[in-house]
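**Q** Give me a 3D structure for the following:
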Amino acid sequence: MSAQAQVQASALPIEPAGLRDLWKLRQLEKLTFNREDAWPLVELLFVLVSPGIVRLKVDYNDKMIAFVAGETRASQGMGWIITLGVAPAWRHIGLGERLLAAAEEALHMPAIRLTVRASNQAAIALYQKAGYHQVGVSSRYYVGGEDGLIFEKRFLESWGDNSSKQNEKKQIWG
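**A** Residues are numbered from 1 along each chain as shown. Alright, predicted model coming up:
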């Protein structure tokens, strides 16, 4: 990727995704994930239309180049990042970090978790850089039997806290 494209990448807007993005998201899934991990069309449709799911994207030249989805699990007191993907040609320039931070803000929960393939060192590095720490393992979570590592990020304050503390600078544990 050219230096010009890298500069442009940092300025690309993060926007809500919706049903009209189904085919762009399908193409991104095929580019981003191996065949076993790419979501089937019905799951992509579900994530784009279900209420309560945060869906954010980055487009460039009418193509989706990055996507994140997360859900609030109020009964657990946390949010979950359910997918995050960046097109291979757009990796390592901050899009994943920007999308993850935007999803965290939109989820607005005191803790956020996600699951990542144990072998996905690039994603693990991204999550650790963003303040996530491994809290568990889901054995044989992925197709092919690979373990899923469960990562979590906690915030010092509850996002929903309306006290005067809400005006203080939010800091991340870790």
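**Q** Any stretches of this protein with poor pLDDT?
**A** Counting by pLDDT under 70, the ranges of the chain that qualify are 1-9, 157-174.
**Q** Following the chain onward from the strand or helix carrying W23, which element is next?
**A** Counting by DSSP states H and E, the element that carries W23 is helix 22-32. For helix 22-32, the succeeding helix or strand toward the C-terminus, using DSSP H and E, is helix 41-49.
**Q** For the longest helix seen in the chain, buried residues please.
**A** As assigned by DSSP state H, the longest helix anywhere in the chain is helix 95-107. When burial is assessed from 16 or more other C-beta atoms under 10 Å, helix 95-107 yields the following buried residues: L95, G96, R98, L99, L100, A102, A103, E104, A106, L107. (C-beta placed from N, C-alpha, C; glycine too.)
**Q** from these, which is closest to T32?
**A** Of all these, the one with the least separation from T32 (C-beta to C-beta) is G96, at 10.7 Å.
**Q** Surely the closest one and I81 touch.
**A** No: at 10.9 Å, G96 does not count as touching I81 under the criterion of C-beta atoms under 8 Å.
**Q** circling back: any chance you could list what contacts the helix holding W23?
**A** Surrounding helix 22-32, the residues in contact under the criterion C-beta atoms under 8 Å, 6 or more residues apart in numbering are 17, 38-39, 41, 44-45, 48, 57, 59, 62-67, 85-88.
**Q** if you set the cut-off to 7 Å instead, what comes out?
**A** Around helix 22-32, the neighbours that count as contacts under C-beta atoms under 7 Å, 6 or more residues apart in numbering are 17, 38-39, 41, 44-45, 48, 63-64, 67, 85-88.
**Q** Which members of those are the farthest-apart pair?
**A** In the contacts of helix 22-32, two members sit farther apart than any others by C-beta to C-beta. They are L45 and P88, at 24.1 Å.
**Q** neighbour count winner among those two?
**A** Using other C-beta atoms under 10 Å as the criterion, L45 and P88 rank with L45 on top: 15 against 10.
**Q** so what's that one up against?
**A** Taking C-beta under 7 Å, 6+ apart, we find L45 in contact with L22.
**Q** Give the bridge partners for F67, please.
**A** K57, G85 (DSSP bridges).
**Q** Can you tell me, leaving aside adjacent residues, what's nearest to M78?
**A** Nearest in space to M78, with sequence neighbours left out and distances taken as C-beta to C-beta, 6 or more residues apart in numbering, is A111 at 4.1 Å.
**Q** In the sheet, which residues pair with the one you found? Tell me.
**A** Going by DSSP bridges, A111 is paired in beta bridges with R154.
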